[in-house]
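# Below are the sequence and a predicted model; questions follow.
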Number of protein chains: 2
Amino acid sequence: MMKALVNKKSSEQASETEISVNHQKLIDATIETIAKRGLADTTIAHVAKRAKVSQGYANFRFKSKDNLLISSLQYLSDEYKKSWQKIFEEKNIDPIDRIIRIIQNDFSSKIANRNKISVWIAFYSEVKFRPSYLAICQRQDEIYSQQMEKLVSEINKIANQKEFTPKEVSETYHSMVDGLWQRILFDPKIYTNEFCKNLVLKYFKSIYVNEDRFA
Amino acid sequence: MMKALVNKKSSEQASETEISVNHQKLIDATIETIAKRGLADTTIAHVAKRAKVSQGYANFRFKSKDNLLISSLQYLSDEYKKSWQKIFEEKNIDPIDRIIRIIQNDFSSKIANRNKISVWIAFYSEVKFRPSYLAICQRQDEIYSQQMEKLVSEINKIANQKEFTPKEVSETYHSMVDGLWQRILFDPKIYTNEFCKNLVLKYFKSIYVNEDRFA
DNA sequence: ATAAAAATTGAATGATTATTCAATACAAAA
DNA sequence: TTTTGTATTGAATAATCATTCAATTTTTAT
């Protein structure tokens, strides 16, 4: 049958590349399948078909369905972390501009689209029962919260804002994002990415009254 | 075997009561099972065992598993709607006090406890794939949003607040509640009901700066 | 070109689980 | 008590699905 080989340099490298290609094809197919059919109706057979490999191979490649699901969640988490770490690594950027970049990222079409949100919520709903899901989600949250609170405290200082603590602002933002993502799934007509982003900006406007960039 | 009969007045009434008792026992058991094991691992056998009826009976009583799940979601939705409608029906109450009552209700232990939140999120995660779940959730949201926006517009008038529209405030609140419920599930140590309630009150404080009741 | 190794297939297996239904237990009526 | 109708059981059924693995195809090395 057809081969998915892309790179043939040396034996080992070709093998590595090939493995990577199928690995990623299966993860992508898993995410798409969950988004299209829901986690409850996501079977190895569906994923394999979408990835255009045999059912047996999908299982062989990832050892188990559970492992495939965890790998897919980890992939999403890494993707999110990367896009967001990039913003925190930028130098010579004003804290307020940085937080605006964060907000834009959280509601960019790459991050906040119906496919990916479906998958996040599917995993969230099982977090309580799967320690491995919980670990991935919590690890992400932790770093996020830390850096976010630090950023807010800088902004508070600049804006001479004392009424709302960094923790409060950070938590409020975080819960708004989670809530809005959920609502994008419910009713995408009303909850466009633009609408959500503006709602969050307005929240910051209510905290930092004199800062025009949030308007 | 044992009978669950509670009321024996007349033939028909006894029958009615008995039906209700088992009906509710099964719905309660479904909610508890989803909360304890997750939706993915909720089988008729588990529910029946918890409700102390036979597996065959559980299925017979509700026609299908799907129907039992929908009935359970409807029950939760009704329960929420009732507690919240009661607040809106109260007469001689200031709009600000009313919205504070709403917030207290949304984070009361009766509504915002881990069992019930697990179930909500489990259903949310399938909403995209089950029109019947979506219908129940949307119907609830609609009434909620309408009444909430009206309430906020009254408060805006009193507070002479023009920067934030009723829709914006209502949507922000709504998404915060959804987001915070999710976080109660993740990390109940940090996200106590009290913590969440105060976070929301602080948000309102940022909008209605001169209103001390939100402090 | 041929052999050896690795990748991939797909059909069989076994476990799980919703659903059915014949048999039984129970309550009400006679 | 006996009969009749209803409620409830629990074991059998059938469908679904993850997982396994012997057979096949493809790739690499000689």
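Noted; the coordinates are in hand.
# could I have the strand or helix carrying A:Asn105 exported to CSV, CA atoms only?
Using DSSP states H and E, A:Asn105 sits in helix A:95-106. Output in CSV follows, covering the C-alpha atoms of helix A:95-106 (Å, rounded to 0.1, in the frame of the first residue of the first chain):
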residue,chain,number,x,y,z
PRO,A,95,2.9,45.4,30.6
ILE,A,96,-0.4,46.7,29.4
ASP,A,97,0.4,45.9,25.8
ARG,A,98,1.5,42.5,26.9
ILE,A,99,-1.8,41.7,28.6
ILE,A,100,-3.6,42.9,25.5
ARG,A,101,-1.5,40.5,23.5
ILE,A,102,-2.5,37.7,25.9
ILE,A,103,-6.2,38.5,25.5
GLN,A,104,-5.8,38.6,21.7
ASN,A,105,-4.2,35.2,21.8
ASP,A,106,-6.8,33.7,24.1
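# so does stretch A:108-118 get close to chain B?
Yes: using C-beta under 8 Å from any C-beta of the partner chain, stretch A:108-118 reaches chain B at A:Arg114, A:Ser118. (Each C-beta comes from the backbone N, C-alpha and C, glycine too.)
# May I have that stretch exported as CSV, CA atoms only?
Output of stretch A:108-118 as CSV, limited to C-alpha atoms (Å, rounded to 0.1, in the frame of the first residue of the first chain):
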residue,chain,number,x,y,z
SER,A,108,-7.5,34.2,18.4
SER,A,109,-9.0,31.9,15.8
LYS,A,110,-6.1,29.5,16.3
ILE,A,111,-6.8,29.0,20.0
ALA,A,112,-10.5,29.8,20.5
ASN,A,113,-12.1,27.9,17.7
ARG,A,114,-15.0,25.4,18.0
ASN,A,115,-12.9,22.4,17.3
LYS,A,116,-10.3,23.0,20.0
ILE,A,117,-12.8,24.3,22.6
SER,A,118,-14.9,21.1,22.1
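# ok, A:Leu151 - contacts?
If you count contacts by C-beta atoms under 8 Å, 6 or more residues apart in numbering or on different chains, A:Leu151 has them with A:Phe88, A:Pro95, A:Arg98, A:Ile99, A:Ile102.
# A:Asn115 touches A:Ala35, doesn't it?
Yes: A:Asn115 is in contact with A:Ala35 according to C-beta atoms under 8 Å; the separation is 3.8 Å.
# Quick check: end-to-end length of stretch A:113-131?
26 Å (C-alpha to C-alpha, to the nearest Å).
# From the centroid of chain A, which residue is nearest?
With distances taken as C-alpha atoms, centre = their mean, A:Tyr80 lies nearest the centre of chain A, 4.0 Å away.
# State the distance from that residue to DNA strand C.
28 Å (C-beta to the nearest atom of the strand, to the nearest Å).
# Perfect, that will be all.
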